[in-house]
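Engineer: Sequence first, predicted coordinates after that:
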Amino acid sequence: MAHARYANPFRPGAGHMPLYLAGREIEKEEFRRLLDQSAILDNLVLTGLRGVGKTVLLDTLKPLAIADGWLWVGTDLTEAASLSEENVVVRLLADLAVVTSGIEIARETIKKIGFQARGERAAKTLTFDVMADLYAATPGLVSDKLKATLDFVWQCVRNHTDAKGIIFAYDEAQNLSDKSEKNEFPLSLVLDVFQSVQKRGMPLMLVLAGLPTLFPKLVEARTFAERMFRVVFLDRLDEHDTREAIVKPIGHAPSGVRFTDDWIETITQESGGYPYFIQFLCREAFDSAVQNRGAARKLAASMRDITRKLDTDFFAGRWARVTDRQRELLIVVAHLPDCDREFTPHDVVAKSKEMLAKPFRASNVSQMFASLCDAGLMYRNRHGRYSFAIPLLGRFILRNAGLDA
Ligand SMILES: Nc1ncnc2c1ncn2[C@@H]1O[C@H](COP(=O)(O)OP(=O)(O)O)[C@@H](O)[C@H]1O
Ligand SMILES: [Mg+2]
């Protein structure tokens with residue numbers, strides 16, 4: 001089929017598994033080490049900017065864990081911002097039920113636990129209803145009830161399968177929040193319960209993926225989270241891996257389309273090694289190559305159009321929500337040489353003195369940074385420094401600053 005020959009092998013889009021997942025060997029190795037723990041001392045936090053590849057790496061870790069004998073449960077917590085403690089319990093049990101609902105509960109186990117749920121006589125498996133009944137029948141606080149339920153579930157799993165343990169994997173986990181004003185502490189609940197069951201030797205491991213705000217948030221909820229998690233910070237791909245991410249998918253496709261070294265170099269530079277941008281630029285470049293065959297158009301020319309498309313598709317919406325004064329501040333930040341890594345309010349005040357007739361004052365900057373953090377454009381790390389929460393935002397600003405002001 002002619003059209004299949006030119007099917008584009010690149011996949012820009014949240015959570016879309018690339019045809020070729022470049023690099024990430026160190027991160028996978030780190031995860032394998034966690035799988036080898038006999039008692040769980042370390043859980044995993046997988047963190048990084050939007051579009052850096054957290055979701056697809058998480059999807060890649062799943063089969064590794066399963067091949068190693070673990071059960072894997074979990075979901076995406078994008079909608080979790082309003083979860084209460086009871087909702088979190090339902091969430092955890094519903095996720096568990098997917099892998100446990102076929103597992104039988106031995107009568108002796110039922111007796112030993114003293115579990116008197118309805119329909120006791122029927123042969124029982126570990127369905128959501130059974131777990132929810134057990135949860136409801138256990139006295140105490142939400143955390144006591146949940147611990148007892150997990151304890152019971154793990155005993156059944158251990159007795160009836162040869163699973164090494166259960167991994168609870170949650171993507172977009174930065175959405176899980178304690179809400180003291182509502183007296184709801186779902187995040188602390190999860191941390192308390194997993195710390196406690198792990199202390200008692202149960203191999204139930206947490207794997208949380210999320211934006212850079214995730215880990216500070218965990219530590220703020222419970223200081224012991226600092227020691228409970230191994231933090232893997234996903235960064236841009238290095239030059240070698242970037243090249244592979246560009247070249248390998250085309251090699252697999254039967255189109256005969258090839259990117260010249262020139263193109264590869266340009267895409268490497270323009271993408272900054274960020275996976276989403278690599279996929280985006282490559283998809284456009286591939287289409288352009290297919291349609292301009294023989295025209296021998298230089299990518300440099302097309303790249304201006306492609307970058308404009310990226311600006312419209314990816315950045316413009318976020319930029320549109322920023323006030324004029326915030327834009328002015330962000331333009332100053334974008335002129336800092338290290339802006340795509342990190343910066344301090346002090347750096348910005350100094351730079352604004354160079355650049356502006358009416359420079360920003362320190363108190364001003366701190367206040368505006370706080371609101372830019374709330375708006376999801378920046379985040380503050382644990383050392384009080386700031387970074388853009390959107391990859392290559394600095395470059396976008398330099399490209400577009402002034403055009404639309
Ligand atoms: N290691 C990689 N190699 C090639 N492409 C990748 C890699 N990691 C991610 N991508 C691509 O980058 C984009 C963003 O990935 P995603 O996992 O959704 O990022 P995140 O969850 O961090 O926002 C997707 O289009 C995905 O195919
Ligand atoms: Mg994601």
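Structural biologist: Noted; the coordinates are in hand. Ligands and ions are numbered 1, 2, ... in the order given.
Engineer: helix/strand/coil for the residue of the stretch 251-400 of the chain found nearest ligand 2?
Structural biologist: Taking CB to the ion, ligand 2 has its nearest neighbour within the stretch 251-400 of the chain at Y276, 9.8 Å off. To be clear about C-beta, it is placed using only N, CA and C from the backbone, and glycine gets the same treatment. For Y276, the secondary structure call by DSSP: H, G, I helix; E, B strand; the rest coil comes out as helix.
Engineer: and the closest residue to ligand 1 within the stretch 251-400 of the chain, how far is that from G201?
Structural biologist: As assessed by CB to the nearest ligand atom, ligand 1 sits closest to P275 within the stretch 251-400 of the chain, at 3.3 Å. Using CB to CB, to the nearest Å, we find P275 at a distance of 38 Å from G201.
Engineer: Which one of those two is surrounded by more residues?
Structural biologist: In this view P275 and G201 are compared by other CB atoms under 10 Å, and P275 has more residues nearby, 28 against 10.
Engineer: hang on, the more buried one packs against G53?
Structural biologist: Yes: P275 sits in contact with G53 when judged by CB atoms under 8 Å, with a separation of 4.4 Å.
Engineer: buried ones in stretch 311-320?
Structural biologist: When burial is assessed from 16 or more other CB atoms under 10 Å, stretch 311-320 yields the following buried residues: 311, 314-315, 319.
Engineer: Under the pLDDT cut-off, which ranges of this structure? List them.
Structural biologist: 1-5, 108-123, 252-255, 293-301, 402-405 (pLDDT under 70).
Engineer: Please flag which of the buried residues of stretch 311-320 sit within helices.
Structural biologist: The members of the buried residues of stretch 311-320 that map onto helices under DSSP state H are W319.
Engineer: farthest-separated two in the buried residues of stretch 311-320?
Structural biologist: The widest separation within those, taken as CB to CB, falls between F314 and W319 and amounts to 10.0 Å.
Engineer: quick revisit: was I right about the residue of the stretch 251-400 of the chain closest to ligand 2 contacting V52?
Structural biologist: Yes: in this structure, Y276 is within contact of V52 by CB under 8 Å, at 7.4 Å.
Engineer: and the closest residue to ligand 1 within the chain, how many residues sit next to it?
Structural biologist: Here the chain gets closest to ligand 1 at one residue, G53, 2.6 Å apart by CB to the nearest ligand atom. Other residues near G53 come to 28 when the count uses other CB under 10 Å.
Engineer: Kindly report the same for H346.
Structural biologist: When counting by other CB under 10 Å, one arrives at 11 neighbours for H346.
Engineer: picking that back up, quick check: chain neighbours aside, which residue is closest to the residue of the stretch 251-400 of the chain closest to ligand 2?
Structural biologist: G51 (3.1 Å; CB to CB, 6 or more residues apart in numbering).
Engineer: Would you mind measuring from the one you found to E29?
Structural biologist: Here G51 is placed at a distance of 23 Å from E29 (CB to CB).
Engineer: can you check A67 too?
Structural biologist: According to CB to CB, A67 and E29 sit 15 Å apart.
Engineer: Show me what from the stretch 151-300 of the chain comes close to ligand 1.
Structural biologist: By the criterion of CB under 6 Å from any ligand atom, the positions of the stretch 151-300 of the chain lying close to ligand 1 are 245, 275-276, 279.
Engineer: show me where the stretch 51-200 of the chain has helices.
Structural biologist: With DSSP state H, counting those that start in this stretch as the definition, the stretch 51-200 of the chain shows helices at residue ranges 54-67, 85-100, 107-113, 128-137, 142-160, 186-199.
Engineer: Could you save those helices as TSV and add columns showing mean neighbour count?
Structural biologist: Formatted as TSV, the entries for these read as follows, by neighbours: other CB atoms under 10 Å:
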stretch	mean neighbour count
helix 54-67	17
helix 85-100	19
helix 107-113	13
helix 128-137	18
helix 142-160	19
helix 186-199	21
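Engineer: Serialize these to TSV and add fields for distance to ligand 2.
Structural biologist: Compiled in TSV, the helices of the stretch 51-200 of the chain are given as follows (distance: least, CB to the ion, whole Å):
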stretch	distance to ligand 2
helix 54-67	3
helix 85-100	18
helix 107-113	38
helix 128-137	26
helix 142-160	27
helix 186-199	19
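Engineer: okay, those helices in CSV with distance to N175 next?
Structural biologist: Conversion of the helices of the stretch 51-200 of the chain to CSV gives the following (distance: least, CB to CB, whole Å):
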stretch, distance to N175
helix 54-67, 13
helix 85-100, 12
helix 107-113, 34
helix 128-137, 23
helix 142-160, 20
helix 186-199, 10
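Engineer: Go through the ones you listed and name the closest to Q37.
Structural biologist: Comparison of the helices of the stretch 51-200 of the chain against Q37 by CB to CB identifies helix 186-199 as nearest, at 9.6 Å.
Engineer: Now do that closest one: everything it contacts.
Structural biologist: With contacts defined as CB atoms under 8 Å, 6 or more residues apart in numbering, helix 186-199 is touched by 39-41, 43, 83-85, 87-88, 92, 142-143, 146-147, 150-151, 154, 168, 176-178, 204-206, 217-218, 221-222, 224-225, 228.
Engineer: Understood, closing this out.
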